[in-house]
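Undergrad: Give me a 3D structure for the following:
(4 chains)
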Number of protein chains: 4
Amino acid sequence: MKGKADSMSAREFDQLFQTVSNWGRWGADDARGTLNYITPNRVRSAAALVRSGRSISLAIAINTVAGPDNPSPAIHHMVQAHDVPLPWGEPRFCLDYLGCACHGDCHTHLDALCHISYRGHLYNGVSAESVTSQGPTLQDITAYAHGIVGRGVLLDIPRLRGVAWLDPGEQVTIEELEAAERAEGLRLGPGDILLFRTGHHRRRLEQGPWDNGYDGEGKAGLHPSTMLLLHERQVAAFLPDGDGEAVPSRVEGVAYPIHTLQIAAMGMACADSLQLEDLAGACEQEKRWECMVVAAPLRLPRGTGTLFNPIAIL
Amino acid sequence: MKGKADSMSAREFDQLFQTVSNWGRWGADDARGTLNYITPNRVRSAAALVRSGRSISLAIAINTVAGPDNPSPAIHHMVQAHDVPLPWGEPRFCLDYLGCACHGDCHTHLDALCHISYRGHLYNGVSAESVTSQGPTLQDITAYAHGIVGRGVLLDIPRLRGVAWLDPGEQVTIEELEAAERAEGLRLGPGDILLFRTGHHRRRLEQGPWDNGYDGEGKAGLHPSTMLLLHERQVAAFLPDGDGEAVPSRVEGVAYPIHTLQIAAMGMACADSLQLEDLAGACEQEKRWECMVVAAPLRLPRGTGTLFNPIAIL
Amino acid sequence: MKGKADSMSAREFDQLFQTVSNWGRWGADDARGTLNYITPNRVRSAAALVRSGRSISLAIAINTVAGPDNPSPAIHHMVQAHDVPLPWGEPRFCLDYLGCACHGDCHTHLDALCHISYRGHLYNGVSAESVTSQGPTLQDITAYAHGIVGRGVLLDIPRLRGVAWLDPGEQVTIEELEAAERAEGLRLGPGDILLFRTGHHRRRLEQGPWDNGYDGEGKAGLHPSTMLLLHERQVAAFLPDGDGEAVPSRVEGVAYPIHTLQIAAMGMACADSLQLEDLAGACEQEKRWECMVVAAPLRLPRGTGTLFNPIAIL
Amino acid sequence: MKGKADSMSAREFDQLFQTVSNWGRWGADDARGTLNYITPNRVRSAAALVRSGRSISLAIAINTVAGPDNPSPAIHHMVQAHDVPLPWGEPRFCLDYLGCACHGDCHTHLDALCHISYRGHLYNGVSAESVTSQGPTLQDITAYAHGIVGRGVLLDIPRLRGVAWLDPGEQVTIEELEAAERAEGLRLGPGDILLFRTGHHRRRLEQGPWDNGYDGEGKAGLHPSTMLLLHERQVAAFLPDGDGEAVPSRVEGVAYPIHTLQIAAMGMACADSLQLEDLAGACEQEKRWECMVVAAPLRLPRGTGTLFNPIAIL
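TA: Residues are numbered from 1 along each chain as shown, chains lettered A, B, ... in the order given. Okay, here's the model as predicted:
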């Protein structure tokens, strides 16, 4: 899969961009993009999926230790422990402080639509200059304030392939996504939240972190053409371990083609760096790969993303 | 309600503490407290409450402006806008940074059980010294990592009283909670998540912020004896606008009796500073005051609390 | 002094800007501006001023409490106290963390030349677009890395006027600066560091903080025409209590004329919010208003300013 | 020097601690320690050393990139660039934010006396419990608020040895310090500021950063017995590249013997991680290894240390 055969020219990429684009689809002022696919009916259907009644976090623990995939670690400090007598007597409080880059590579986070620009434009054709040094004026993370609630579908590629994880650089194709659907006995449909598992986090747990950035050791992810499937099926949100990108990119001049297509072209709600191991284990036990998902960013005005803790309910 | 009649001696308070205490109830090592009341069955029942399919944030927008109830405002800075050419060409990313005290008065947050100590002990009799200057070693916020998922019951006290909000210092009694149940045609039960509305946030929106701290202008909240009801009914979690406390306290020597009883005695999952206005409006429209609630803290090891964005689904 | 008589039209201001401009004076690539006036000889002369051998801080204590002139307070948290056993046994360390906006109104700080733009340009005609969302590419604070070392001259205006402090809005003229020189028996000259005292900090200590920003209660400072004197005398640096500005501005369309002239036109090293009370007291005792000054910013690449602690040596 | 011969038992170390201790020397409430050696006369003499009139920063640039000796990098973000129109029109401001651990290994910083405890005590016998989770109540960094001003003496060990730098683990003895004095034609005396160069920073520049912590690859520094010399000579302050410690320690049970002796026993003003390369070059040119030093921490109440930028004036 790493040969020339899977590479894509800039021209082909721009054609793909046009094909999957949702610019204007929900009006010139739309800031919710593919979340428009989630209708009240689909929220009801998602709730109806709850059977075993267990809830599972899809987040990685916040990481305060620098490493090859965590160059800007979170800071977490106590503000006060119970050793400090307080003016009022009892009770005593302990307090803490958290600081974090909102898009850290190994921190589970949700991107705002303004996060990505392609050739000077955000989703829906908004100018990239709408984001100033003081933040976005349009398409910030508060567009998702009321949460992403819907049917989650776990496509578990390592399970399909019979491996522990995909190796850096490997790409997943449309055919493989469809094979995973068949193997799991379900089909991605309108308003669904795609939980895309490559085993990235499991590899990290077992082999330690690595530099998976642009000029690092690479990362497993999707072939850009898979966006045709997500577009056709009207997927509403994308929650991957890793970030969906196969690194290095095989697209001429475009380092992050998946983000570009999903966010800038399709207006899709996309997260990074989920922990899908617990959910994958539970799905295997229950032999069903669908669940209710409730995922809400912090309500951060002018935010370009936030850490979050998405919850799957089986 | 503000006279001497409603005051409580230190001795009476300590008796109440004993009465509602859950120390030892779920074992010496328990760190989930009243969340133990939420069984898989109750999660299923909560999901079955979803009817209209709309989801509503219960959080206030993160506030970066100092004010009388926000002495330590959040910091939110851009890390990069789209004005910076990146080494790989396209796409471009914008990035930001968020820093916040985890228990800010006007920031919607969830407390860990370690947050409160009373006379040297946390919930379950754990020593307050287990929290060092580097954070808690027990009962941190990760005990709630998989989220608080259950039936939310909104007890809307201003609605009951026919007022826009309760004024600072006012107390809500058991009788009033029961009257609210009757008015709304429901009954708090085992494993429920109590959404307690005093109109605190609406008052803030309409009259501006005020100092509601220990020696400030006060706050409306619960009479300590209401904990008897919450204990008897086996309430699992408490999500109030304000923080549940009537300030100033009428308990001799105990400035924050509600936190003390809920967290240190009962081991209850408690949040602060919710925004219940949107939900109250929706409940009024639908004439039902119960919903599914999904609320997850950030997954912060050694955290004593985190900002969060709880979601109600009607 | 508050009447129409002291107002200035936009045109007059632009003429003044041209008159005091140092653009091109030290070459097209210059980033040190008026610090070029400080020759080795002048450093030697400054050192020769040391007589009584006492050193005095000119900084205000860092302020972590929000207030009307401190809307973005510093954060200061312990990272570790001595309660934490360390892997190696002895000794133990305590550690802390400091975060601060680099230009806080009541934090003693030094501005980089890139801090101010006027009609799209920084000092020396550099485009304001050279500062991106990732910081300045030219004229950052590291231009001052080796410190500002020279002769400090305290012009103590409250002493001249026989008052405790100047009131908000009051302006100081050329005539008054010259009168202060005469009263103190000295004369500002080439390469000098002007320590300009209005009593701002003393007023704050005695009457509490006030909002002295653009649309607040005002601030005492310099009349824009005084820049003619500073230019003629070849002053190298400006260290005021307050920030030198008389607020509100009387210049049409220019809210901060002093910063604009000093930094954007003259390329002058300027600080904000000094504490000159201790020095003023010492000068009064010794009946001399000159001293050696050593002031160094933190060495922050791409910094637009930093907190600092300038030292006067008498 | 790495053999058993240079190791020291816990008992020998405690004897050395007693020998060099200054507990009680300047009174029970003293918080300035060896800075008491710097008299006004000595400040005057230091100023008289200024000859060539050049000033040199002794700080390393603040480092925002994680690495083996920078696990908690500084954060530095823009708050506003000139792209944001301001309510008042002109001028525009750019602003930034800096956050930093105050004792980062590769950040030039000054330790407060409270920074180190040995067997439960700080300098002068103060209990280590005086430092709570909210910071020190005694011996914070504001004890140095008015700066450390005095005669700096650079002892340049690589120059003495004829090498580019000392290798990790190497120790410098009393004999070598005295040899350096002879080679440079001077003698450390009362109130002096010792600038101790091992070439640590030059090695870092040329070979890249390495983990020099407790269980890392080591660091060159002083043999504990050298404290006898510093004590006898009444050295006031210690400003090393590296931090003076030879890592790994050869003292039984004491990982950082130099910090322990200097700070906890002697009450010495100590810094870490200076950049002495520029100064060493200038001293070589001028063939004199003494200068005036002015070094002031940020004025941080309850600080256990701060970043700073010490200035040498030749």
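Undergrad: and the particular helix or strand that has A:Met227 in it, which residues are buried?
TA: For A:Met227, the enclosing helix or strand under DSSP states H and E is helix A:226-233. By 16 or more other CB atoms under 10 Å in any protein chain shown, the buried positions in helix A:226-233 come out as A:Thr226, A:Met227, A:Leu229, A:Leu230, A:His231, A:Arg233. From N, CA and C alone the C-beta is placed, and that goes for glycine too.
Undergrad: Out of those, which are close to chain D?
TA: The subset of the buried residues of helix A:226-233 within reach of chain D, by CB under 8 Å from any CB of the partner chain, is empty.
Undergrad: which parts of chain A sit against chain D?
TA: Residues of chain A lying close to chain D (CB under 8 Å from any CB) are A:65-67, A:70-73, A:75, A:78-81, A:83-84, A:94, A:99, A:132-134.
Undergrad: Filter the residues you listed down to the buried ones.
TA: Buried, going by 16+ other CB under 10 Å: A:66-67, A:70-73, A:75, A:78-81, A:83, A:94, A:99, A:132-134, out of the residues of chain A next to chain D.
Undergrad: In strands only, show me those.
TA: A:Ile75, A:Met78, A:Val79, A:Gln80, A:Gly99, A:Thr132 (DSSP state E).
Undergrad: Grab the nearest non-local neighbour of the last one.
TA: The spatially closest residue to A:Thr132, leaving aside those adjacent along the chain, is D:Asp83, at 4.9 Å (CB to CB, 6 or more residues apart in numbering or on different chains).
Undergrad: One more: the fifth one?
TA: With sequence-adjacent residues excluded and distances taken as CB to CB, 6+ apart, A:Gly99 is closest to B:Gly99, at 3.6 Å.
Undergrad: who's in contact with the one you found?
TA: With contact taken as CB atoms under 8 Å, 6 or more residues apart in numbering or on different chains, B:Gly99 is in contact with A:Ile75, A:Tyr97, A:Leu98, A:Gly99, A:Cys100, B:Ala74, B:Ile75, B:His76, C:Ile75, C:Gly99, D:Gly99.
Undergrad: could the residues you listed go into TSV alongside distance to B:Cys114?
TA: Shown next, in TSV, are the contacts of B:Gly99 (distance: CB to CB, whole Å):
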residue	distance to B:Cys114
A:Ile75	19
A:Tyr97	15
A:Leu98	15
A:Gly99	20
A:Cys100	21
B:Ala74	22
B:Ile75	25
B:His76	27
C:Ile75	22
C:Gly99	24
D:Gly99	25
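Undergrad: could you redo those as JSON lines and give each row distance to C:Val294 and pLDDT?
TA: Compiled in JSON lines, the contacts of B:Gly99 are given as follows (distance: CB to CB, whole Å; pLDDT from 0 to 100):
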{"residue": "A:Ile75", "distance to C:Val294": "32", "pLDDT": "96"}
{"residue": "A:Tyr97", "distance to C:Val294": "34", "pLDDT": "97"}
{"residue": "A:Leu98", "distance to C:Val294": "38", "pLDDT": "97"}
{"residue": "A:Gly99", "distance to C:Val294": "33", "pLDDT": "97"}
{"residue": "A:Cys100", "distance to C:Val294": "37", "pLDDT": "96"}
{"residue": "B:Ala74", "distance to C:Val294": "37", "pLDDT": "96"}
{"residue": "B:Ile75", "distance to C:Val294": "31", "pLDDT": "96"}
{"residue": "B:His76", "distance to C:Val294": "36", "pLDDT": "97"}
{"residue": "C:Ile75", "distance to C:Val294": "28", "pLDDT": "96"}
{"residue": "C:Gly99", "distance to C:Val294": "26", "pLDDT": "97"}
{"residue": "D:Gly99", "distance to C:Val294": "26", "pLDDT": "97"}
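Undergrad: any chance you could map the strands in the stretch 201-314 of chain A?
TA: If you assign secondary structure with DSSP state E, counting those that start in this stretch, the strands in the stretch 201-314 of chain A sit at A:221-222, A:237-240, A:269-272, A:290-295, A:305-307, A:311-313.
Undergrad: Reformat the ones you listed as TSV; add mean neighbour count and mean pLDDT.
TA: Output for the strands of the stretch 201-314 of chain A, formatted as TSV (neighbours: other CB atoms under 10 Å in any protein chain shown; pLDDT from 0 to 100):
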stretch	mean neighbour count	mean pLDDT
strand A:221-222	28	98
strand A:237-240	27	98
strand A:269-272	26	98
strand A:290-295	27	98
strand A:305-307	29	98
strand A:311-313	27	98
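Undergrad: could you measure the residue of the stretch 201-314 of chain A found nearest chain C against chain B, distance?
TA: Closest residue of the stretch 201-314 of chain A to chain C, CB to the nearest CB: A:Thr304 (11.1 Å). Per CB to the nearest CB, to the nearest Å, A:Thr304 is found 5 Å from chain B.
Undergrad: Next: A:Glu176.
TA: 25 Å.
Undergrad: Would you format the strands of the stretch 201-314 of chain A as a markdown table with distance to A:Leu188 included?
TA: As requested, these are exported to a markdown table (distance: least, CB to CB, whole Å):
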| stretch | distance to A:Leu188 |
| --- | --- |
| strand A:221-222 | 13 |
| strand A:237-240 | 11 |
| strand A:269-272 | 15 |
| strand A:290-295 | 10 |
| strand A:305-307 | 24 |
| strand A:311-313 | 16 |
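Undergrad: closest to D:Gly150 out of the ones you listed?
TA: strand A:305-307 (47.9 Å; CB to CB).
Undergrad: What strands line up against that closest one, and which way round?
TA: Sheet pairing of strand A:305-307 (DSSP bridges) gives strand A:109-111 (antiparallel).
Undergrad: What's the first helix or strand after the partner strand?
TA: Strand A:109-111 is succeeded, C-terminally, by strand A:116-117 (DSSP H and E).
Undergrad: From the contact counts, what lies against that following strand?
TA: strand B:92-93 (3 or more CB pairs under 8 Å, 6 or more residues apart in numbering or on different chains; DSSP states H and E).
Undergrad: who touches the strand it packs on?
TA: A:His103, A:His115, A:Ile116, A:Ser117, A:Tyr118, A:Ala128, B:Gln80, B:His82, B:Val84, B:Pro85, B:Leu86.
Undergrad: How about the contacts made by the second one?
TA: When you say that, I think you mean A:His115. A:His103, A:His259, A:Ile263, A:Thr304, A:Gly305, B:Phe93, B:Cys94, B:Leu95.
Undergrad: Look up the closest residue to the third one, ignoring the ones flanking it.
TA: Ranked by CB to CB, 6+ apart and with sequence neighbours excluded, the top spatial neighbour of A:Ile263 is A:Ile116, at 4.2 Å.
Undergrad: per-residue pLDDT, the one you found?
TA: Per-residue confidence (pLDDT) for A:Ile116: 98.
Undergrad: ok, so what distance separates A:His109 from chain B?
TA: Taken as CB to the nearest CB, the span from A:His109 to chain B is 10 Å.
Undergrad: for that residue, which residues make a bridge with it?
TA: A:Asp272, A:Leu307.
Undergrad: looking at it, it is touching A:Ala295, isn't it?
TA: No: using CB atoms under 8 Å, A:His109 is not in contact with A:Ala295; the gap is 10.9 Å.
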